[in-house]
Each structure stands twice: as structure tokens, then as C-alpha cells.
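Undergrad: Make a model of this:
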Amino acid sequence: MGQIRDIMEKNVITIEKNRTAQDAAKIIAEKDISFLVVMNDDLPEGVLSESDFVRKIAAEDRKSSDVPISEIMSYKFRSVGPTTTIEDAVQKMLNNNIRRLLIIEDDKLVGVITQTDLASHLRDQLLVDGTIKSINND
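TA: Numbers count the residues shown, from 1 in each chain. Model prediction:
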């Protein structure tokens, strides 16, 4: 089926841990993305998602410019290497009930894969397989 490196997003949008929730919200809105990878000294330390904003800022009526990212980010994240098979990555996401995986190689962040990326890839694969099957049946 292929490896994660074949479909991962290499242009990962990140933010440094010492920034504020407002800084993160501006980047998320500007880039039209659903999460950021939080970095500390060039190493991924966690993720910050739209749901973190809802649960930890809006629901508590906090002012985002006063909230450091370190207070609202998720420190737990799952990762795989770029040579991980797509099937194994899907299974890891399902087993852990997560929406994204960081792709780490030699302790460096090299990409990310999301449920949306996987769904798009699988849809394309099904279309290709269906077309081949249709051609072979003709």
C-alpha cells in the first residue's frame, strides 16, 4: 500500500512553546489549519488543536493573549517514522483514537499525517483500483 513518506504533509506549521494562545489562533486562522505542532528547541513537544482552544480558553472565558501555549497544549502525541506503512499508521490512529500523527526521523519533525490525508489517499486508491478493474472487464 505504500509508506507514510509517500503521502505525508512535509510543510508542517509549527509554533514555539513560549508563544501565547492568541499567537497560535492567528496562525491557525491565517493558514486555515486545525492544529499546530508545538516546538521547544527545535523538537516537537506537543500539539495544539482547535478543540484545545474551545475546551481550555472559550469554555473558561479566558483571554487568549494572556494564556501561554504551554497551559493549553496537549503534551501527548503519537508519532511514526516516514517508512511506516500506511496500513500501520491507520491502525495506530484507530487504536489510539487520534486524528493526526507526527512523522519523526532522527529526532526531527519531518511531516504530519491526518485523518483527512489518509481518507483522501484511500479515496484516490479506490478510484484507481476501480478504473483498472473497469478497464480489465471491458
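
Undergrad: is the closest residue to residue 10 other than its chain neighbours in a bridge, and if so with what?
TA: Across the structure, with Cβ to Cβ, 6 or more residues apart in numbering as the measure, the residue nearest residue 10 apart from its sequence neighbours is residue 111 (5.0 Å). All C-beta atoms are positioned from the backbone trio N, CA, C, and that covers glycine. Assessed by DSSP bridges, residue 111 has beta-bridge partners residue 103.

Undergrad: Please name the residues that touch residue 111.
TA: Residues near residue 111 by Cβ atoms under 8 Å, 6 or more residues apart in numbering: 4, 5, 8, 9, 10, 12, 82, 102, 103.

Undergrad: how near is the fifth one to residue 105?
TA: Applying Cβ to Cβ, to the nearest Å, one obtains 11 Å for the distance of residue 10 from residue 105.

Undergrad: So which of the two has more stuff around it?
TA: Using other Cβ atoms under 10 Å, the more surrounded residue of residue 10 and residue 105 is residue 105, with 14 against 10.

Undergrad: shouldn't the more buried one be in contact with residue 81?
TA: Yes - using Cβ atoms under 8 Å, residue 105 makes contact with residue 81 at a distance of 5.9 Å.

Undergrad: Now the residue nearest to residue 42 when sequence neighbours are not counted: phi and psi?
TA: Closest residue to residue 42 apart from its sequence neighbours, by Cβ to Cβ, 6+ apart: residue 108 at 7.8 Å. Main-chain dihedrals, residue 108, degrees, to the nearest 10: phi -110, psi 140.

Undergrad: in which helix or strand would I find residue 15?
TA: Assigned by DSSP states H and E, residue 15 falls within strand 14-16.

Undergrad: which strands and helices sit next to that strand?
TA: When contacts are defined as 3 or more Cβ pairs under 8 Å, 6 or more residues apart in numbering; DSSP states H and E, strand 14-16 packs onto helix 21-31, strand 35-40.
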